[in-house]
Structures are given as C-alpha cells and as structure tokens.
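Q: got a predicted structure plus its sequence, pasted below:
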Amino acid sequence: FDPISASLVIGAASALTGYLSYKEVYCRFAECCREEQPLNASALKLDLVERLFGQHLATEVILKALTGFRNNKNPKKPLTLSLHGWAGTGKNFVSQIVAENLHSKGLKSKFVHLFVSTLHFPHQQQIKLYQDQLQKWIRGNVSACASSLFIFDEMDKLHPGIIDAIKPFLDYYEQVDGVSYRKAIFIFLSNAGGDLITKTALDFWRAGRKREEIQLKDLEPVLSVGVFNNKHSGLWHSGLIDRNLIDYFIPFLPLEYGHVKMCVRAEMRARGSAIDEDIVTRVAEEMTFFPKDEKIYSDKGCKTVQSRLDFY
Ligand SMILES: Nc1ncnc2c1ncn2[C@@H]1O[C@H](COP(=O)(O)OP(=O)(O)OP(=O)(O)O)[C@@H](O)[C@H]1O
C-alpha cells in the first residue's frame, strides 16, 4: 500500500467530512438553500388537511403536484401553478403553507419571493422596465438557489404582457444563459375565473349534489380557456397558456357559512382563546352571503374574520 496515496485519501476524506459538518452547523444558524432535500409530503398533507377549509380540489392537486415535482430528481421544467378563486378563499394562505413546507422561514425566507402587481408593477407605461427587472431578479435568485419559490399575487391586475417576460424560464430548456430554472416553483394567484368556479359550485348545489363531488375535470378546462380569453386576468392571450407552460389551474371554491365558522374557530385557537360558539356564530352571521336568494357563499370568504373577531 503506498503510504503517500493513503494519506492523500485520508486527508481528502477528513477535509470532506469537516466541510460537511461545517455546512451542517452553518445551516443550523443561517438559512441554506437545500434544493436536494425531499419534501416532507406527510407534513404538507397534514397542514393542508387541518388548516385549509372547504378546498378539497386545491388540497388534492397541490399535494400531488408538489410531491411529484420535488421527488423528481430531474424535472424537465419548473413547476407552475395558477390558483384561481373568489376573494378570501385561501389562495394567499395556501401559498404561505407551501412556502413554509419548502423553506423553513416561509414567506420570510430569502428563497421565497412575493410580487404584488399593484405594488411592484403599477404603471402601464413602464412595462418594458418591469419585464427587464423581473428577468434580472428571477435569474439572479435562481442562480443563488435553484429551488426558489416565486409567488405572483393579484395576477388579474397585472398589465397584459408583463408575465410573458418570464416565459423562457418556464419552458423546457435545460439552461437559459447558463442558468437552469428546472427546480424553481412559480405560483400565480388571481380572482380571474372566480365567477366560473362559483357558477359550477352553484350548479352542483342546486342539483342537490355535494360540493366534494366537484372534480378537477369539471373546472380546469373552463378555467384555462376563461383566463386566456379574459382581458383582465394577467394571462390574457398569454404565451404561458398557449405553450401549455402552466402545469395546473387550481380552483378555489367559494366558502360557505360552515367554513366561515371554521375560520373563526381557527383564529380563536391561534390567539390562544377558548372556543366560544356563541361568538363563532355572531362573527359568521355578520358576514354577507350570495347569491341574493339562496345566500350560500360568503362574499369575502374568510377575509375579514380576523378583524371582526377583535370586537369580541
Ligand atoms: N379556505 C380557507 N381555509 C382556512 N382559512 C382561510 C381559508 N380562506 C381564507 N382563510 C383565512 O382568511 C385569510 C385571508 O385569506 P387569503 O388571503 O388566503 O385569501 P385570498 O384567496 O388570497 O384572497 P384575495 O383573492 O382577496 O387575495 C387567510 O389568512 C386565512 O386566515
């Protein structure tokens, strides 16, 4: 046995172990991009099942899409989800749950980026500038962490065309200018299509069918066509849709009286208060419901529950 090569091997091995344990210790204190770490599917499932009310389709699709994507060592394109539904039905809330399950600091993580149309892209005359900035921002952040998460809120208020600037990143390319975007995740949030979703939910209700009987195939095709043809969807005539770059259109159903009560209880628990059913009913009854005759769905979803609870 050659003593020189033996000591070289030992030296290299101990340097590697040292580096790995240094990295472990470092990552305990500073946030690290753990792109190889598989997703804990049961933790995500538990979060969705226990915390998200009345959204059986969103729960099922998000779980399936994320676990499939994160367990695939070699995805061919980034994961792109488009979440649609009425106000206050849980789209931002789900994005927060997804962010927490991907990066432990959730929305505060430096690998999670939230864009709000009216805040970040307000002026119609500056579309070109926004497109450049968006491309630079995404390129820079995916270079730093391949499994970065980008959330675009208020897509329906985004000027048409802005989002097409990121089309090359969402496509099936192995690399674009030396950067691979295949492990990144993009989530779009929008109220567009909310009317179509409500109509379907209402048709089921009027036919005496259970809400849980609504399937993705009842809504997904209508949604993608509806959003493509809607001038105010942020995806109007978008190349993302006609190139099939959006993996899932995820409908959020309008919330019913019973769901609003569940939100009130969840908020009480979060505040560490005992559940007082009398207050739960009073808060839920303060909300307004539509359509005019049947009054089934809360018109703000669970959105104002937290502030209403402050009065009790
Ligand atoms: N389906 C739900 N299950 C549990 N809590 C919910 C649900 N929907 C809404 N909430 C509660 O209401 C709050 C507001 O909802 P959220 O911001 O997610 O609505 P949104 O669908 O993003 O609305 P908008 O389209 O107006 O942005 C959430 O932080 C959460 O506490």
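A: The structure has been received and is ready for your questions. Because the structure is a prediction, the values reported are computed rather than measured.
Q: going forward, measure contacts and count neighbours with C-alpha atoms only.
A: Fine.
Q: roughly how far apart are Leu119 and the ligand?
A: For Leu119, the distance to the ligand (Cα to the nearest ligand atom, to the nearest Å) stands at 13 Å.
Q: state the pLDDT value of that residue.
A: Leu119 carries a pLDDT score of 92 in this model.
Q: ok, and what's touching whichever strand or helix holds it?
A: Assigned by DSSP states H and E, Leu119 belongs to helix 117-120. Contacts to helix 117-120, defined as Cα atoms under 8 Å, 6 or more residues apart in numbering, come from residues 152-155, 157-158.
Q: what does stretch 192-207 give?
A: Against stretch 192-207 from outside (Cα under 8 Å, 6+ apart): 84-86, 156, 210-211, 214, 218-219, 222-223, 226-227, 230, 232-233, 251-254.
Q: need the CA coordinates for the helix holding Leu119. PDB is fine.
A: Extracted as PDB, the C-alpha positions of helix 117-120 are listed here (Å, rounded to 0.1, in the frame of the first residue of the first chain):
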ATOM      1  CA  SER A 117     -49.000  43.600  -9.100                       C
ATOM      2  CA  THR A 118     -50.300  46.900  -7.800                       C
ATOM      3  CA  LEU A 119     -47.200  47.400  -5.600                       C
ATOM      4  CA  HIS A 120     -44.400  46.200  -7.800                       C
END
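Q: pull out the buried positions in that helix.
A: Ser117 (16 or more other Cα atoms under 10 Å).
Q: about what we covered before: what subset of the contacts of stretch 192-207 is buried?
A: 84-86, 156, 211, 214, 219, 223, 226-227, 230, 232-233, 251-254.
Q: and the residues you listed near the ligand, which?
A: Contacts with the ligand are made by Trp86 out of the buried ones among the contacts of stretch 192-207, judged by Cα under 6 Å from any ligand atom.
Q: correct me, but Asp153 touches Leu114?
A: Yes: with contacts counted by Cα atoms under 8 Å, Asp153 reaches Leu114, the gap being 7.2 Å.
Q: more neighbours: these two, which one.
A: Taking other Cα atoms under 10 Å, Asp153 and Leu114 do not tie; Asp153 has more neighbours (23 against 15).
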